[in-house]
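Chemist: I would like the atomic coordinates for the input below:
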Amino acid sequence: MPHIIYADDHEDMRRMVRDVLEAYGHEVRIVDNGAAAVAAVAEREPDLLVLDRQMPVMDGIEACRAVKENPFTAHIPILMLTALSAVERKLEGYEAGADDYLTKPFDTRELRARVDALLRLVKRETDRNPTSGLPGGRAVEDELRRRVGREEDFAVCYIDLDNFKPFADTFGFAAADAVIRDTGRMLREAVAESGGGVGGDFVGHIGGDDFIVVTREDRATSLAGAFAEQFREVIGRVVGAETVEAGEFTGPDREGVTRRFPIAKLTTAIVIVSPRQWESAARLGERAAALKRQARMGGSGSIVVGRG
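Modeler: Numbering: from 1, shown residues only. I've put the predicted structure just below:
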């Protein structure tokens, strides 16, 4: 039975949507603001999150952004409900990460259709990312729970490709795809070469340009350094050693203005996890995202270590 979290500050709307979705066989948890929705996601990951756009405490846009910025909850599909039909308002929601929009008032049949469509996306997810060939989604969470079960501290390396969007926009889809594929291969090989292969370290692909390596605490920093160094070779095979050496390239920004961008590098946030203090993958993701922001303040290609 699919689990859905629905946030809306209007009690009548909450009850109506809950009754409709439960009638179609879904399990629905209702909350009355965006902050409560984010907390509910951390308690139990839903198959779908439905958010009203305008709510007190934290609105739907802020809640959507919080869920999508967390590497361990970003895959959850989000349906935004709104009484605001202006295109600019919808674009704001999509930019925050919403997967679909439904304008109030709506026909309950359309609500069901959009919910079913988003849930089908969940069902189509596999245990392996089709580009990198690495495990992702549920497999990552299973590995984290397995590590917690050992009752030993461990490290989670959250690896992000800095400046990758302008890189992809400039060099094209095929080049970006090759970098993602080769980065996955590089991570696997680097882990194996360091002695953390079969039965040891876990390498996963959360999605997009976000990767994860779960390892022992004493191995994390040296592995992160090796990943950053070998990533230069991955980029070099696509754009050439001269561009990598220059450290920048020319391409269009979001407004279409041509300017210089730094070449893509690996930034790694290392979270040391103590099973005694474990809450959930979502909480770990919040800590990893905060460390990633800290790492970026130190410059592209930085490595930051903190405790979860």
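
Chemist: Buried residues, stretch 48-57. List them.
Modeler: 48-55 (16 or more other C-beta atoms under 10 Å). C-beta: built from backbone N, CA, C; applies to glycine.

Chemist: ok, which pair from those residues is furthest apart?
Modeler: For the buried residues of stretch 48-57, the farthest-apart pair by C-beta to C-beta is Leu48 and Gln54; their separation is 20.0 Å.

Chemist: which residues of the stretch 101-250 of the chain fall in helices?
Modeler: Under the criterion DSSP state H, counting those that start in this stretch, the stretch 101-250 of the chain contains helices at 108-124, 138-149, 164-171, 173-193, 220-239, 241-246.

Chemist: just for this structure, where's the confidence low?
Modeler: 85-86, 122-128, 196-199 (pLDDT under 70).

Chemist: give me every residue that touches the residue nearest the centre of it.
Modeler: Most central in the chain under C-alpha atoms, centre = their mean is Pro71, positioned 3.1 Å from the mean C-alpha point. Shown in contact with Pro71 (C-beta atoms under 8 Å, 6 or more residues apart in numbering): 158, 206, 210, 212, 285, 288-289.

Chemist: How about the secondary structure of it?
Modeler: Of the three states, Pro71 takes coil under DSSP: H, G, I helix; E, B strand; the rest coil.

Chemist: and it, how far is that from Asp100?
Modeler: Taking C-beta to C-beta, to the nearest Å as the measure, Pro71 falls 21 Å from Asp100.

Chemist: what's the answer for His75, then?
Modeler: 15 Å.

Chemist: Among the two, which residue is more densely surrounded?
Modeler: Using other C-beta atoms under 10 Å as the criterion, His75 and Asp100 rank with His75 on top: 20 against 16.

Chemist: Quick check, Arg89 in contact with Gln54.
Modeler: No. Contact criterion C-beta atoms under 8 Å: Arg89 and Gln54 do not qualify, at 10.0 Å.

Chemist: what about the strands in the chain?
Modeler: 3-7, 27-31, 48-52, 78-82, 100-103, 154-162, 202-207, 210-215, 248-252, 258-262, 265-273, 303-307 (DSSP state E).

Chemist: In JSON lines: those strands, plus distance to Leu187.
Modeler: As requested, the strands of the chain are exported to JSON lines (distance: least, C-beta to C-beta, whole Å):
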{"stretch": "strand 3-7", "distance to Leu187": "32"}
{"stretch": "strand 27-31", "distance to Leu187": "36"}
{"stretch": "strand 48-52", "distance to Leu187": "30"}
{"stretch": "strand 78-82", "distance to Leu187": "29"}
{"stretch": "strand 100-103", "distance to Leu187": "32"}
{"stretch": "strand 154-162", "distance to Leu187": "7"}
{"stretch": "strand 202-207", "distance to Leu187": "5"}
{"stretch": "strand 210-215", "distance to Leu187": "6"}
{"stretch": "strand 248-252", "distance to Leu187": "24"}
{"stretch": "strand 258-262", "distance to Leu187": "21"}
{"stretch": "strand 265-273", "distance to Leu187": "10"}
{"stretch": "strand 303-307", "distance to Leu187": "15"}
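
Chemist: domain ranges for the protein?
Modeler: Per automatic domain parsing, the structural domains of the chain span 3-124, 138-307.

Chemist: Figure out which of those domains is closest to Pro130.
Modeler: Among the domains of the chain, the nearest to Pro130 by C-beta to C-beta is domain 138-307 (9.8 Å).
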